[in-house]
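Trainee: Provided below are the primary sequence and the corresponding predicted coordinates.
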Amino acid sequence: MTNAIRTSFTIIITIIAFAYGMSILLTKKINDLNYIDSGIELYYLTGVESQITKTAWYNILLSGQNIIRKENETYIVINSEQGLTVAALSSDIILSTLLAPINIIILLLLIMAVSWIVNIRVQTRNESYTLKLLNTQASDLLKSLNLATSSTAKQPHIEQLRVNYDALSTHITNYTKESEISIFQDKLTHLLDRHAYIEHLAKQLRIAERQKYRCALLFIDLDGFKQVNDSFGHSFGDEILIQVASRLSSIMRHHKLSNLSPTSQLDQNLARLGGDEFSIFIDLKECKNRALDVAQNVLHEIERDFVLGNKLIKISASIGIAVYPDSAATPQSLLQMADVAMYRAKTDGRGIFKVYSPDMGKKIRRYHYLLDEMRLAIASENFHLSFQPIVDVDDCAIDYFEALVRWEHPKEGLISPEEFIPIAEESNIILELGDWIMLESCRQMSAWYNAGMRKVKISVNISGVQLKHCNIYDWVMDKLSKTGLPAHALMLEITESTFIEASNKIIQTLEQLRAEGITIAIDDFGTGFSSLSTLADLPIDVIKLDRLFVSQAKDNAKYHKIMHSVSELGAKLGLKVVAEGVEDVKQFELVKSMGINSIQGYLISHPESSLNVGHKVLQDNLNFISATGRGVWNIQK
């Protein structure tokens, strides 16, 4: 309403101003008629002096003029002297004044001015409405987001909009930061996660390529972290990872390596890749040995005690370093090469760092090659079993056969189990391969059992991976059921180190298998964390003394005494002791003199195919087998 009044008032003022202007021009026109013939008809009147009057005050256009009203016409007095009055019709003078070029221009300008003013008023009104609408929408949006605003209805619309805009802008900035943190941050350690780290690496490597400088990548893996989780629980493990992240962040600040994201404020040069793996990105513009200094600092910081409640925990780290562009040119390849170097550091002793070199790549390529070939070998049944006899030292009667898996590669020939078994365990292919080994071993032993070897066992090696991922009791009993092999004809060999790491649940499962009649043997005894409690507490029936003791006992008195002690201890605890790696007659006689029950090694036999075992045992010893339920393995001394 106020705007309408202002507009009307402006128009009225403009009309009045125009009327006054016309009045001035009209007066000039009348004065000019005394001297100039303008084409306006003049009237000469006599005896009309008494009729001359002044125009009314409200007649702005004819203000100050003398007029005569006669016969419904209004005349403007031009001049009046000596009874003669010169006049002209007011309409003629007004029309002539209006049609003057100057008046038309003025009129058009006035019309344009009025239109402009009106347009401004309309535009102002529309803008005011728009501002009000925007404020309403902004206020509704702020309310929906549960955000407070300091704007009030008494403030001008533009001020309200500014306040609401500031509130929304602050919220959007905070939301963007929180979203980026939520997407790119590792939830446990609050470091950058793997995906965002690789994106950052790609950007940094592009910059390094343009500016021609070298970069380095540290791949950090904690040593002994699994033991922390297994011993103290995952909550302790998580706290270790949090403290490691804090120490690495301090190292980044100390070496001025931090590269904070402008939005999330996360350090983009430090990331947790997953599990107990971390990575640091370093540019080498200032110093080519900077990565080595940082790696040494990381090793030192990780080796410091970790305080968890009332416990002090010690771990270390192995670090692999890859350099751009020497080692690789892409983020994924650079990480992979640093990973390869880190594994070399673990292999060479742990708690150290290694810089990637091409010869390290050969090992990882070999690893992946064998991994792929192993999958194909399982699918195409390229694996086969060999059987090595373990015999009694007195009469060479067979106690059991150890089933050993062999891989005959179509191109490379025989590949050593020492090479492919660790790969199978690390990749969990051992689960599928081990399933085939167990089934095939039980099937073969079932055939020998039915042929008369009813007191001979088949021994199958069980991996720690199988113990962890399988329900061993159900798995073993299922294989026995499928092949018809009695439980007492099966023995499971588990390495000493695997026994030490086994959970209580696994130990209980092994006890169940022993209750069914299955024999449990501890393999490679003496090479792990050997302890008398191992023999006292664990469910074992057989001790397999590692070949190291047999090879050293003849020349090393300490090994000789240890072997003798283990033999006596086994006898007292009612455990069968088997000596592995007997390769010559002197070792045979030495082992026998110590009272060890059974032996295994190349002196007795190399691993043989099932066909050769059948020829050597079944065909030549049928009478002995039928009488004793055991075969005899003749030794060629």
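Mentor: Perfect, thanks for sending it.
Trainee: make it CA atoms for all contacts and neighbour counts henceforth
Mentor: Will do.
Trainee: and Ile242, how far is that from Ser250?
Mentor: Distance from Ile242 to Ser250, counting by CA to CA, to the nearest Å: 13 Å.
Trainee: number of nearby residues for Gly601?
Mentor: The number of residues packed near Gly601 is 20, by other CA atoms under 10 Å.
Trainee: how far away is it from Arg454?
Mentor: Distance of Gly601 to Arg454, given as CA to CA: 23 Å.
Trainee: low-confidence stretches in the stretch 1-150 of the chain?
Mentor: For the stretch 1-150 of the chain, applying pLDDT under 70 flags the ranges 1-4, 7, 37, 145, 147-150.
Trainee: quick one: the helices in it?
Mentor: Along the stretch 1-150 of the chain, counting by DSSP state H, counting those that start in this stretch, helices occupy 2-33, 90-98, 101-144.
Trainee: quick check, distance from the shortest one to the centre of its chain.
Mentor: Same thing as helix 90-98. Taking CA atoms, centre = their mean, to the nearest Å, one finds helix 90-98 lying 90 Å from the centre of the chain it belongs to.
Trainee: and of the helices of the stretch 1-150 of the chain, who's closest to Ser565?
Mentor: Nearest to Ser565, of all the helices of the stretch 1-150 of the chain, is helix 101-144, at 80.5 Å by CA to CA.
Trainee: so which elements touch the closest one?
Mentor: helix 2-33, helix 157-184 (3 or more CA pairs under 8 Å, 6 or more residues apart in numbering; DSSP states H and E).
Trainee: before we move on, back to that, any chance of the helices of the stretch 1-150 of the chain in a markdown table, plus distance to Ile635 and mean neighbour count?
Mentor: Formatted as a markdown table, the helices of the stretch 1-150 of the chain follow (distance: least, CA to CA, whole Å; neighbours: other CA atoms under 10 Å):
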| stretch | distance to Ile635 | mean neighbour count |
| --- | --- | --- |
| helix 2-33 | 121 | 15 |
| helix 90-98 | 143 | 17 |
| helix 101-144 | 90 | 14 |
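Trainee: now distance to Asp276 too, for those helices, in JSON lines please.
Mentor: Compiled in JSON lines, the helices of the stretch 1-150 of the chain are given as follows (distance: least, CA to CA, whole Å):
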{"stretch": "helix 2-33", "distance to Asp276": "72"}
{"stretch": "helix 90-98", "distance to Asp276": "96"}
{"stretch": "helix 101-144", "distance to Asp276": "42"}
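Trainee: minimum distance to Ile321: which of those helices has it?
Mentor: Ranking the helices of the stretch 1-150 of the chain by proximity to Ile321 (CA to CA) places helix 101-144 first, at 50.4 Å.
Trainee: that closest one versus helix 90-98: what angle between them?
Mentor: Orientation of helix 101-144 against helix 90-98 (axes from the mean of the first three to the mean of the last three CA atoms, to 10 degrees) gives an angle of 70 degrees.
Trainee: and helix 101-144, how far out from the chain middle?
Mentor: Remark: helix 101-144 is offset 55 Å from the chain centroid, using CA atoms, centre = their mean.
Trainee: show me the helices in the stretch 401-550 of the chain, by range?
Mentor: Per DSSP H, counting those that start in this stretch, the stretch 401-550 of the chain carries helices over the ranges 417-427, 429-450, 464-469, 472-483, 496-501, 504-515, 532-537, 547-553.
Trainee: tabulate those helices (CSV), appending distance to Ser567 and mean neighbour count.
Mentor: Formatted as CSV, those follow (distance: least, CA to CA, whole Å; neighbours: other CA under 10 Å):
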stretch, distance to Ser567, mean neighbour count
helix 417-427, 28, 14
helix 429-450, 29, 20
helix 464-469, 26, 16
helix 472-483, 30, 16
helix 496-501, 17, 18
helix 504-515, 22, 16
helix 532-537, 13, 12
helix 547-553, 12, 18
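Trainee: ok, Leu89 touching Glu73?
Mentor: Yes: using CA atoms under 8 Å, Leu89 is in contact with Glu73, at 7.3 Å.
Trainee: of the two, which one has the most company?
Mentor: A direct count of neighbours by other CA under 10 Å for Leu89 and Glu73 places Leu89 higher, at 19 against 11.
Trainee: and the contacts of stretch 88-98?
Mentor: Contact partners of stretch 88-98, identified using CA atoms under 8 Å, 6 or more residues apart in numbering, comprise 22, 25-26, 29-30, 40-43, 73-78, 103-104.
Trainee: on that earlier part again, weakest of the helices of the stretch 401-550 of the chain in terms of mean pLDDT?
Mentor: For the helices of the stretch 401-550 of the chain, mean pLDDT drops lowest on helix 532-537, to a mean of 66.
Trainee: for Lys505, find the nearest of the helices of the stretch 1-150 of the chain.
Mentor: helix 101-144 (53.7 Å).
Trainee: could you check the angle helix 2-33 makes with that closest one?
Mentor: Orientation of helix 101-144 against helix 2-33 (the same axes, to 10 degrees) gives an angle of 170 degrees.
Trainee: same list (the helices of the stretch 401-550 of the chain) but as a markdown table, adding distance to Phe278.
Mentor: Output for the helices of the stretch 401-550 of the chain, formatted as a markdown table (distance: least, CA to CA, whole Å):
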| stretch | distance to Phe278 |
| --- | --- |
| helix 417-427 | 20 |
| helix 429-450 | 27 |
| helix 464-469 | 25 |
| helix 472-483 | 35 |
| helix 496-501 | 26 |
| helix 504-515 | 32 |
| helix 532-537 | 36 |
| helix 547-553 | 38 |
